[in-house]
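Okay, structure incoming, though there's no sequence with it:
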């Protein structure tokens, strides 16, 4: 018999490190970054159809209320009709979102597993991802399965998962979730092996997740999210969460609220071409470059330039004699900074845009 | 008795070296460059009112047909009402424009002198300019007076005027008009003295100018312009030149058609803070700079930058760690290039803008 899976896509985060393209009005997941379609379309599209024993049901999308139309337009462009769209009146972090995911999925199909995933990551090898999901499916009915990305560099921007005993073919217990490390520690992780990046994707049966909220002392988050859902305003397959009730939910990351405390965490180490496209310098690294190391997108004239990322969105950009720069232009704003300072973007966003 | 002067403002040229700010739709003279008002307003404003013996009458504006509304809006913002607006259906170079200037001015007041000036230059010392006009007025009834700008550098981008015998106090015959020189020649001009930049401003009685067209073998230009004016479509103080007749006029610069041939050219050497704002690097030089040599205008965040010109028009620009760059952003296009390559702008304008 097939394993039915409900993908639950978390369209959260503001992606301010990708300003001026990514904005509150149209954050990162609604842009084509490192792929021809938007990241949310890419996410939904890799979790569709029947693959051997895996059967993906229509997705649930959990998004900010302000992105309601953007979600509908973007997914319909790829022919995707969500089973439900849950609209959060404000962000209450990922624990609340995970509780919503479990509750909604259970009401759609109490037997199906949930594949809870951010909407703004890239997976270059979807077949390898499917294989990892298949491995995880073997134990997902009584574990919360994470996907541990094989690190190829001592990255200090991600949390790490330390692998414990083997639980099944390709699946391990989680020995520890490690916070974002210092460089030395990250280098040690890479040297020692047994560590992988925490991709932020979770695979579980709704009952397990809901039980583990209680076991981890986070029943209040589960109850709060559930109440906000029950009192939410329904319109077809769409639910606007009750503002007062959801606003009262404790805001905590799922990693802290549940994952670091549960004894049922598992990890599938995998190499799936995962990238979170967390900065312009990473996008440059991921992009197709010309012989001079330039990655350009949009209407761009680049003369005598090397190792630049130049992206023009709705405007034309002409640049001459520049090197190692990020140049991103929209109709509202222009960003110009050295690639190695890409982390400073947040400090450059004007208080009143445009 | 007062000398009545009709300023005739030539709103010509496309100013493509100041792209993307300056465009065919809104060229250089309709932008505030190096001053708080647009260059055409600055031009009209410095030639107003009564100054000792000089009485300026309302100006005549000669502009491209496509800039009709722009001229009206811009000048009315400074409370200037032109005596006449002559609209050229296409550019036929400055000889045709000078012939129009003389013909129109003569019909307004046959006794008045004409001060024919481009609309897109800066004059930092208007009082010195008025003094130079006063000096020229002594002989402008039987000469075509030019204004020779004291050079402060061996500029190769301008034509030069070599001074001859003195004709009156502060006024000299023109010994020769020299083409834009090579650097060596420009350095010699600066060393030897007696050379000044040709500002492109002319001061004359209409009859003298019209006579000199004939004397220089350019009567056809004068007749053609006159016919296009006579057959033009009048609407209040506005005349749209006849398209077919004006299109048939020989296109030649006034310098070549008349000035290099006439025996009645005179020059008033002067130091009036003149600048033609011919490039972004010149605008940087002319602009107020901060302690790091940065000139910024508009909504700009600049961090760790030195010796840059950054101009944001209708958009925000954030730039980090850049040096010696020109950065100009509008809602349609963005230009980024080293200051010393500012002359390459023309080659960077996309065929189909935006």
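Perfect, thanks for sending it. On a predicted model such as this, the values are computed, not experimentally measured, just so you know. Numbering: from 1, shown residues only, chains lettered A, B, ... in the order given.

Tell me what angle the longest strand along chain A forms with strand B:309-320.
Criterion DSSP state E: the longest strand present in chain A is strand A:309-320. Interaxial angle, strand A:309-320 versus strand B:309-320 (axes from the mean of the first three to the mean of the last three C-alpha atoms, to 10 degrees): 160 degrees.

Residue A:291: neighbour count?
If you count neighbours by other C-beta atoms under 10 Å in any protein chain shown, residue A:291 ends up with 6. Yep, even glycine has a C-beta here, placed from its N, CA and C like the rest.

name the element it belongs to?
Taking DSSP states H and E as the definition, residue A:291 sits outside all helices and strands.

Quick check: it vs chain B, distance?
In this view, residue A:291 and chain B are 21 Å apart by C-beta to the nearest C-beta, to the nearest Å.

Might you report the residue contacts of the closest residue to chain B within the stretch 51-200 of chain A?
Per C-beta to the nearest C-beta, the residue of the stretch 51-200 of chain A with the smallest distance to chain B is residue A:157, at 19.5 Å. Residues in contact with residue A:157 (C-beta atoms under 8 Å, 6 or more residues apart in numbering or on different chains) are A:180, A:278.

which residues does the residue lying closest to residue A:257 once chain neighbours are set aside contact?
Leaving aside its chain neighbours, residue A:257 sits nearest to residue A:95 (3.8 Å; criterion: C-beta to C-beta, 6 or more residues apart in numbering or on different chains). By C-beta under 8 Å, 6+ apart, the contact set of residue A:95 is A:213, A:218, A:221, A:250-254, A:256-258.

wait, which of the residues you listed is closest to residue A:331?
residue A:251 (33.5 Å; C-beta to C-beta).

neighbours of that closest one, just the number please.
Residue A:251 has 14 nearby residues by other C-beta under 10 Å.

right, and it touches residue A:90 too?
No. Using C-beta atoms under 8 Å, residue A:251 is not in contact with residue A:90, being 9.1 Å away.

list residues touching both of those two?
By C-beta under 8 Å, 6+ apart, no residue touches both residue A:251 and residue A:90.

sorry, back to before: adding pLDDT and secondary structure, write the contacts of residue A:95 out as CSV.
Listed next are these as CSV, based on pLDDT from 0 to 100; DSSP: H, G, I helix; E, B strand; the rest coil:
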residue, pLDDT, secondary structure
A:213, 98, helix
A:218, 98, coil
A:221, 98, helix
A:250, 97, coil
A:251, 97, coil
A:252, 97, coil
A:253, 95, coil
A:254, 96, helix
A:256, 94, helix
A:257, 97, helix
A:258, 97, helix
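
Helices of chain A, residue ranges please.
Along chain A, the stretches classed as helices by DSSP state H are A:39-45, A:68-77, A:93-108, A:126-137, A:183-192, A:206-215, A:219-230, A:243-247, A:254, A:280-286.

Single out the most deeply packed of those.
Neighbour counts (mean count of other C-beta atoms under 10 Å in any protein chain shown) averaged over each of the helices of chain A peak at helix A:254, with a mean of 27.

Quick check: the residue nearest to residue A:248 when sequence neighbours are not counted vs chain B, distance?
Once flanking residues are discounted, residue A:248 sits nearest to residue A:224: 6.1 Å by C-beta to C-beta, 6+ apart. To chain B, residue A:224 is 39 Å away according to C-beta to the nearest C-beta.

contacting residues for residue A:224?
Here residue A:224 is in contact with A:96, A:99, A:245-246, A:248-250 (C-beta under 8 Å, 6+ apart).

quick revisit: can I get the helices of chain A in JSON lines with distance to residue A:306?
What follows is the helices of chain A, written out as JSON lines (distance: least, C-beta to C-beta, whole Å):
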{"stretch": "helix A:39-45", "distance to residue A:306": "28"}
{"stretch": "helix A:68-77", "distance to residue A:306": "34"}
{"stretch": "helix A:93-108", "distance to residue A:306": "40"}
{"stretch": "helix A:126-137", "distance to residue A:306": "33"}
{"stretch": "helix A:183-192", "distance to residue A:306": "27"}
{"stretch": "helix A:206-215", "distance to residue A:306": "49"}
{"stretch": "helix A:219-230", "distance to residue A:306": "50"}
{"stretch": "helix A:243-247", "distance to residue A:306": "49"}
{"stretch": "helix A:254", "distance to residue A:306": "42"}
{"stretch": "helix A:280-286", "distance to residue A:306": "12"}
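
closest one to residue A:262 among the ones you listed?
Going by C-beta to C-beta, the one of the helices of chain A nearest residue A:262 is helix A:206-215, 4.5 Å.
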